[in-house]
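*Asks:* Next come a sequence and a model predicted from it.
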Amino acid sequence: MRNAKATVLSAAKGDVTFQKEPFIKQVWQQRQLALMSVPMFLYICLFNYFPLWGWITAFMNYKPAVPLFENQWVGLKNFEWLFSKPEFLGAVRNTFAMAAINLVFGFVFPILLALFLNEIRSIRFKRTVQTVTYLPHFLSWVIVVGIAQTIFASDGAINQLILALGISKSPIFFLGEGKYFWWLVGAINVWKECGWNTIIYLAAISAIDPALYEAAEMDGAGRFKKMLHIALPGIRSTFMVLLIMNIGYLMEAGFEIQYLMGQNVVMDWSQTIDIFALKYGITKGQYSRAIAAGIFKSLVSIALMISANFTAKRLGEDTLL
Amino acid sequence: MTDKRIAMPIRTTYHKRSIFPWVNACAMILLMFVTLYPVLNTVAISFNDGTDAVRGGIGLWPRVFSTKSYETIFQDEIIYNAFFITISRTVIQTVLNVIITSMLAFALSRREYVLRKFITTAFVLTMYINAGLIPNYLLLQRTLGLSKSFWVYIVPTMLSCFNMIVTRTFILGLPEALVESGRIDGAGDFYLFWRIIFPLCMPVVATVALFVAVGAWNSWFDTHLYNAGKVQLHTLQYLLKMKLATTTNSANAAMTSADAAASTTLTTPVTIRAAITVVSAAPIVVIYPFLQRYFVVGLSVGSVKG
């Protein structure tokens, strides 16, 4: 016990310990902490880092039946094949388009809702609105897509409303035409997650010093001036952290909704890189090409994340790494 | 308190424009309606007569009331099995995940731990570096041979890095003296974690448990990928997903054959699907309002440091 305490103290001071006690001995003294964390480290090595090994098969003509290194090396052939294939380029376009729509909607609507929720005086009413708007977050994508197919059907509620208001003379085929697909995904995402995403902004708004509001009132600021000049700047740092994080996930346009809702008729607009990889990898057994598509996606994500982090650092904002 | 202080000057200075609260309240009521309408519509359809529902146009209330759809789905043994599988995977996954996540978060929150920095970095990187769908599939399917087994629901999902970081942030906010004094009394790290830190982590543990449980309850893709061929391992959401596929493909067929079917059955894919939706969503929808104060706090605390 005394030994362990000595290590604790010297470890806090810095690397002086390396001369006194060998590294292995330090770990042994902290074996209970090691027992809590090292097995989990091995776990992520297996489930998160080991599969990266599979990336080398993107440079082969990989057949699962053949032992790994007896497969034929083909260099960048699989990548060339991908970028000459309009279907893949379409999937890249769809991924970016839907991710961009989700990114913009995913910030604008929750922030607006949080600002307006914050103006509600009655705590009971506010809590009711919150509870109700959190509800769709807890529904699975299978359920949400099923509901959306009912609502957006040619005889569904949306079309009934459109006909009743005279916006269009005949029902609009939201589900059957590709050009609506991205916006449908955007709208459904807002419906599902908007309420849930206000939680963080409401926490940030409630952390704002009330004295700031009072000072603004003294200066004659009205409700909207206060929203604009006090509440919005108050959530700036939360916004920036979430923005950087979300840019890193820009390639994650979502998978389940496109997979479940993308019928054949709208495939040109609904297929994302993941669905492309799934189709070629698992359905068609062309593993190398599917893995190449996955590598492309991962590399773009990492590049986006690093550049977002770098830009944030230049602008003097908090960074994640 | 704050409300009163803010409310006074507004009422005096802006009495002319005081319609805003009413406009705001109306907007919120409209928002609640837009959120709830599709859900209540599904409930109404599930309680409607099958052949009548095919005509469409049901609003918030069943047109021809019938519980036939529920009777039909509960006659089929498959749904009991799916319930059993879904509940087991949710419970096992949540318990394992919560214990492992908070234990790891505790170890990585000890500043004196020599491996702290190395292991933390390894975990944070997993949030950004992802091998992708196919290599993960090949690992589980071929290397580990987990397909067609219940363990494919449990083994790959024992840990979430994001939840671990949220928990660690929370533990770092607890007074350091708790652990220090425990150490002086001669307590080991397992004892410190289990007896002192873990009980204090309840808000964040409840949040993590809710996230994991909701994710487990709602997942269908792992069943689709690994266990599609084994009916005994199908989950509720996967049953629903299969119903979704059959109804969309045969929507037109159902329309035309509805009249023919009317004489023999009183259910159609439309009402059956709605009924399974209600049954598979109900447990979570009933529980989450009671956990609201926990996850709001947990999410806010974790997000302070990003």
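*Replies:* Right, received. Where do you want to start?
*Asks:* Give me the buried positions along the longest helix anywhere in chain B.
*Replies:* With residue count as the measure and DSSP state H as the assignment, chain B has helix B:269-304 as its longest helix. Going by neighbour count (16 or more other C-beta atoms under 10 Å in any protein chain shown), the buried part of helix B:269-304 is B:269-281, B:283-284, B:288, B:294-304. The C-beta positions use only the backbone N, C-alpha and C, and glycine is treated the same way.
*Asks:* Filter those residues to keep only those in contact with chain A.
*Replies:* Of the residues in the buried residues of helix B:269-304, proximity to chain A by C-beta under 8 Å from any C-beta of the partner chain holds for B:273, B:277, B:280-281, B:284, B:288, B:295-296, B:299-300, B:303.
*Asks:* ok, so of the residues you listed, who is nearest chain A?
*Replies:* Closest to chain A out of these is B:Ser300 (3.6 Å), distances taken as C-beta to the nearest C-beta.
*Asks:* who's in contact with that closest one?
*Replies:* B:Ser300 makes contacts with A:199-200, A:203, as judged by C-beta atoms under 8 Å, 6 or more residues apart in numbering or on different chains.
*Asks:* Would you format those as TSV with pLDDT included?
*Replies:* Rendered in TSV, the data for these read as follows (pLDDT from 0 to 100):
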residue	pLDDT
A:Ile199	90
A:Ile200	88
A:Ala203	87
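*Asks:* and the residues you listed, which of them are in strands?
*Replies:* Secondary structure of those is defined by DSSP state E; no position falls in strands.
*Asks:* just those residues now: which is nearest chain B?
*Replies:* After measuring the contacts of B:Ser300 against chain B - C-beta to the nearest C-beta - the closest member comes out as A:Ala203, at 3.6 Å.
*Asks:* rewinding a little: give me the mean pLDDT for the longest helix of chain B.
*Replies:* Computed over helix B:269-304, the mean pLDDT rounds to 84.
*Asks:* Now do stretch A:232-251: everything it contacts.
*Replies:* Outside stretch A:232-251, the residues within contact range by C-beta under 8 Å, 6+ apart are A:95-96, A:99-100, A:103, A:106-107, A:111, A:114-115, A:200-201, A:203-205, A:207-208, A:212, A:273, A:297, A:300-301, A:304-305, A:308-309, A:312, A:317-320, B:128, B:303, B:306.
*Asks:* Same question for stretch A:297-312.
*Replies:* Outside of stretch A:297-312, the residues that reach it under the criterion C-beta under 8 Å, 6+ apart are A:95, A:240, A:243-244, A:247-252, A:273-274, A:277, A:318-321, B:128-132.
*Asks:* can we see that at 10 Å?
*Replies:* Residues from elsewhere that reach stretch A:297-312 (C-beta atoms under 10 Å, 6 or more residues apart in numbering or on different chains): A:52, A:55, A:91-92, A:95-96, A:99, A:240-241, A:243-252, A:272-274, A:276-277, A:317-321, B:125, B:127-133.
*Asks:* how many other residues sit next to the residue of the stretch 51-200 of chain B found nearest chain A?
*Replies:* With distances taken as C-beta to the nearest C-beta, the stretch 51-200 of chain B approaches chain A most closely at B:Gly132, which sits 2.8 Å away. Using other C-beta atoms under 10 Å in any protein chain shown, B:Gly132 has 25 other residues around it.
*Asks:* And for the helix or strand containing A:Thr128, what's in contact with it?
*Replies:* Assigned by DSSP states H and E, A:Thr128 belongs to helix A:123-134. Taking C-beta under 10 Å, 6+ apart as the criterion, the residues outside helix A:123-134 that touch it are A:110, A:113, A:116-120, A:122, A:191, A:193-199, A:202, B:3, B:25, B:27-29, B:31-36, B:39, B:288-289, B:292-293, B:295-296.
*Asks:* for chain A, what are the low-confidence residue spans?
*Replies:* A:1-20, A:317-321 (pLDDT under 70).
*Asks:* The residue in it that chain B sits nearest to - nearest residue in space that isn't next to it in sequence?
*Replies:* Of chain A, the residue with the smallest distance to chain B, taken as C-beta to the nearest C-beta, is A:Gly294 at 2.8 Å. Spatial nearest neighbour of A:Gly294, chain neighbours left out: B:Gly132 (2.8 Å); criterion: C-beta to C-beta, 6 or more residues apart in numbering or on different chains.
*Asks:* and the gap between that neighbour and A:Pro39?
*Replies:* Distance from B:Gly132 to A:Pro39, counting by C-beta to C-beta, to the nearest Å: 25 Å.
*Asks:* same check, this time on B:Thr86
*Replies:* Applying C-beta to C-beta to B:Thr86 and A:Pro39 gives a distance of 28 Å.
*Asks:* These two - which one has more neighbours?
*Replies:* Higher neighbour count among B:Thr86 and A:Pro39: B:Thr86, with 24 against 12, using other C-beta under 10 Å.
*Asks:* show me the contacts for the residue of the stretch 51-200 of chain B closest to chain A.
*Replies:* If you count contacts by C-beta under 10 Å, 6+ apart, B:Gly132 has them with A:51-52, A:54-55, A:58, A:273-274, A:277, A:281, A:290-298.
*Asks:* Let me see the confidence value for it.
*Replies:* For B:Gly132, the pLDDT comes out at 84.
*Asks:* mind listing what residue 46 touches?
*Replies:* Just so you know, I chose chain A. Here A:Leu46 is in contact with B:139, B:143-144, B:155-156 (criterion: C-beta under 10 Å, 6+ apart).
*Asks:* Not quite, go with chain B.
*Replies:* Contacts for B:Ser46 (C-beta under 10 Å, 6+ apart) come out as B:53, B:62, B:66-67, B:69-70, B:73, B:270-279.
*Asks:* give me that answer again for 8 Å
*Replies:* Each residue near B:Ser46 by C-beta under 8 Å, 6+ apart is listed here: B:69-70, B:271, B:274-275, B:277-278.
*Asks:* go on, B:Trp61?
*Replies:* Contacts were defined as C-beta under 8 Å, 6+ apart; by that measure B:Trp61 touches B:Ala44.
*Asks:* what about it, which SS state?
*Replies:* coil (DSSP: H, G, I helix; E, B strand; the rest coil).
*Asks:* which one is A:Trp183 nearest to, not counting chain neighbours?
*Replies:* Closest residue to A:Trp183 apart from its sequence neighbours, by C-beta to C-beta, 6+ apart: A:Ile101 at 7.1 Å.
*Asks:* okay, now that neighbour: neighbour count?
*Replies:* Applying other C-beta under 10 Å, we find 18 residues neighbouring A:Ile101.
*Asks:* residue contacts, it?
*Replies:* So, once contact is read as C-beta under 8 Å, 6+ apart, A:Ile101 ends up touching A:182-183, A:185-186.
*Asks:* buried set for the helix or strand harbouring it?
*Replies:* Remark: A:Ile101 resides in helix A:86-118, with elements defined by DSSP H and E. With burial defined by 16+ other C-beta under 10 Å, the residues of helix A:86-118 counted as buried are A:88, A:90-92, A:94-99, A:101-103, A:105-107, A:109-111, A:113-118.
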